[in-house]
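# Okay, here's the prediction I keep looking at, along with the sequence it came from:
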Amino acid sequence: MLSNMMHTRDPLSCYLTLLRAHEQAAHACRPLLTDAGIEHLRRLMQALQTSDTLLVARPRWDAAWRRLYIGDRLLKVFRQPAPFQTAVLNAFETKGWPTSPITNPLPRETNESERDAQQRLHETAKNLNRGLPRNIVRFRRTHNMVLCEWNPKCDGDR
């Protein structure tokens, strides 16, 4: 992941990649950045996002129409019931699409083991990824959490 930073000139992509790597390492109790470093990165990202020269498209879940977008680009329409997938999308939308993993939003089923809950979350992430453009948005499970990664350079018009 960090090696990708060496191949891009887009500072926001680099900052997001570094922040995601830090968050993953922090979950393994091996953080890459200090609190001051994290705050500095967030200030830099905020400055870039509020400038007129760069607008970052974030995923957006329209629960009423059951549609997932990035910017104005429609990525996926849910025509059939998908309660686990929509629960994950609702959780990300509610939290503002954080770059760090969120706790498993799926309700625990009666007599479900921790391993079964993790497997159900894994399958849900796999189903969310089905049909999505690989280089735009990806969901994946990390332990009992789910992470959404997206391409910050996507302008929504491609």
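Here it is on my side, so go on. Numbering: from 1, shown residues only.
# Let me know the distance separating residue 131 from residue 27.
Going from residue 131 to residue 27 by C-beta to C-beta, to the nearest Å gives 28 Å. Any C-beta I mention is one placed from the backbone N, CA and C, and that applies to glycine too.
# Over to residue 61?
Relative to residue 27, and taking C-beta to C-beta, residue 61 is found at 24 Å.
# Check residue 149 too.
15 Å.
# just to revisit the earlier point, looking at residue 131 and residue 27, which has the bigger crowd around it?
residue 27 (15 against 9; other C-beta atoms under 10 Å).
# what's near enough to touch the more buried one?
Listed by C-beta atoms under 8 Å, 6 or more residues apart in numbering, the contact set of residue 27 reads 101, 142, 143, 145.
# What distance do you get for it to residue 58?
For residue 27, the distance to residue 58 (C-beta to C-beta) stands at 22 Å.
# Give me the below-cutoff pLDDT ranges for this structure.
1-13, 46-56, 152-158 (pLDDT under 70).
# any idea which residue of it is furthest from its center?
residue 111 (29.4 Å; C-alpha atoms, centre = their mean).
# so what's the backbone phi/psi at it?
phi 60, psi 20 (degrees, to the nearest 10).
# And the strands in the chain, which stretches?
Per DSSP state E, the chain carries strands over the ranges 59-62, 67-70, 73-77, 102-103, 137-142, 145-150.
# Neighbouring strands of the fourth one in the sheet, and parallel or not?
In other words, strand 102-103. Strand pairing for strand 102-103, using DSSP bridges, gives strand 145-150 (antiparallel).
# Provide the contact partners of the partner strand at residue level.
Here strand 145-150 makes contact (C-beta under 8 Å, 6+ apart) with 20, 27, 57-59, 70, 88, 92, 97, 99-105, 121, 124-125, 136-141.
# now the angle from that strand to strand 137-142?
If you take axes from the mean of the first three to the mean of the last three C-alpha atoms, to 10 degrees, strand 145-150 sits at 160 degrees to strand 137-142.
# and the angle for strand 145-150 with strand 73-77?
With the same axes, to 10 degrees defining the directions, strand 145-150 sits at 140 degrees from strand 73-77.
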